[in-house]
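1. Coordinates for the following, if possible.
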Amino acid sequence: MQDAFVYSWKNKVSGQLYIGWHKGASNDGYICSREELKSEIEKSPESFERFIIANGSVKDMVALEHALLCAVDAKNSTAFYNAHNGGTGYCGGHSIKTRLKMSRSKMGRKRPAAVVQKMKERTGEKSSGFGSRWITNGLDSRKIKKEDSVPVGWIFGRLAPWMKRAKSTETKIKMSIARTGKHHSPETLLKFKARRPSMLGRKHSEETKAKLRVARSTRKLLWQ
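-> Next up is the predicted model:
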């Protein structure tokens with residue numbers, strides 16, 4: 001149902017623009033919602049011209065207005081009269097200051113018991129990751145079904161996002177200097193040993209050895 005439209009006003013003298021949407025007919029006499037611009041148009045109508053950008057449903061026109069304003073960040077542009085970027089959402093991510101405020105506001109808060117129960121119920125077959133596992137070749141990671149065999153050159157595990165980015169020589173030197181002289185404490189080493197079984201007295205199969213060799217060789221490309 002086409003019961004709304006997106007329009008644009010242009011100041012023919014300064015070149016400034018205003019984008020908005022309105023529910024109604026394009027000839028119903030509506031000007032705009034910004035009072036400052038509305039008064040300017042009423043005082044000097046010959047200095048302005050209006051363009052109809054699109055017609056459609058209210059939902060579609062609100063979304064279109066928001067997309068157009070976000071594309072040019074109209075609220076922060078001197079080329080536009082718009083005081084905000086329309087719509088009901090954000091054009092981009094929250095600022096660091098806003099994220100810190102949101103983080104602090106959530107500190108100490110606990111999830112409702114009903115939510116915790118739902119999270120517990122989403123285990124096993126109800127879990128989104130049920131029946132799959134991660135594999136990596138040292139350059140990329142992907143999921144496969146548990147019953148599928150691991151391709152040659154791939155091993156179980158998931159590559160950290162930061163490892164996918166090649167590092168400059170300068171970065172490698174800085175990382176090397178930062179690690180120089182650092183050792184794990186005896187307590188940390190004990191935790192490592194307790195966390196996973198030792199390979200002492202165990203041997204890899206020839207197939208596993210081949211996979212490890214290929215994985216190590218490809219992983220070295222990250223540091224070249």
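2. how about Lys145, what does it touch?
-> Gly131, Ser132 (CB atoms under 8 Å, 6 or more residues apart in numbering). Bear in mind the C-beta positions are built from the backbone N, C-alpha and C, glycine included.
3. Strands along this structure, start to end?
-> Along the chain, counting by DSSP state E, strands occupy 4-11, 17-23, 48-56, 132-136, 141-145, 155-156.
4. Could I get the buried residue list for stretch 41-59?
-> For stretch 41-59, a neighbour-count test (16 or more other CB atoms under 10 Å) marks Ile41, Phe48, Gly56 as buried.
5. Now render those as TSV, adding pLDDT and distance to Ala71.
-> Below are these laid out as TSV (pLDDT from 0 to 100; distance: CB to CB, whole Å):
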residue	pLDDT	distance to Ala71
Ile41	94	24
Phe48	95	22
Gly56	89	18
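6. related to what we said a few turns ago, okay if I get the strands of the chain as JSON lines plus distance to Ala74?
-> Converted to JSON lines, the strands of the chain look like this (distance: least, CB to CB, whole Å):
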{"stretch": "strand 4-11", "distance to Ala74": "11"}
{"stretch": "strand 17-23", "distance to Ala74": "7"}
{"stretch": "strand 48-56", "distance to Ala74": "14"}
{"stretch": "strand 132-136", "distance to Ala74": "43"}
{"stretch": "strand 141-145", "distance to Ala74": "40"}
{"stretch": "strand 155-156", "distance to Ala74": "49"}
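7. ok, of these, where does mean pLDDT dip lowest?
-> Averaged per stretch, pLDDT over those is lowest on strand 155-156, reaching a mean of 80.
8. quick revisit: and Asn76, which of the strands of the chain is closest to it?
-> strand 17-23 (14.0 Å; CB to CB).
9. And that closest one, how far out from the chain middle?
-> 29 Å (CA atoms, centre = their mean, to the nearest Å).
10. now the angle from that strand to strand 48-56?
-> Relative orientation of strand 17-23 versus strand 48-56 (axes from the mean of the first three to the mean of the last three CA atoms, to 10 degrees): 40 degrees.
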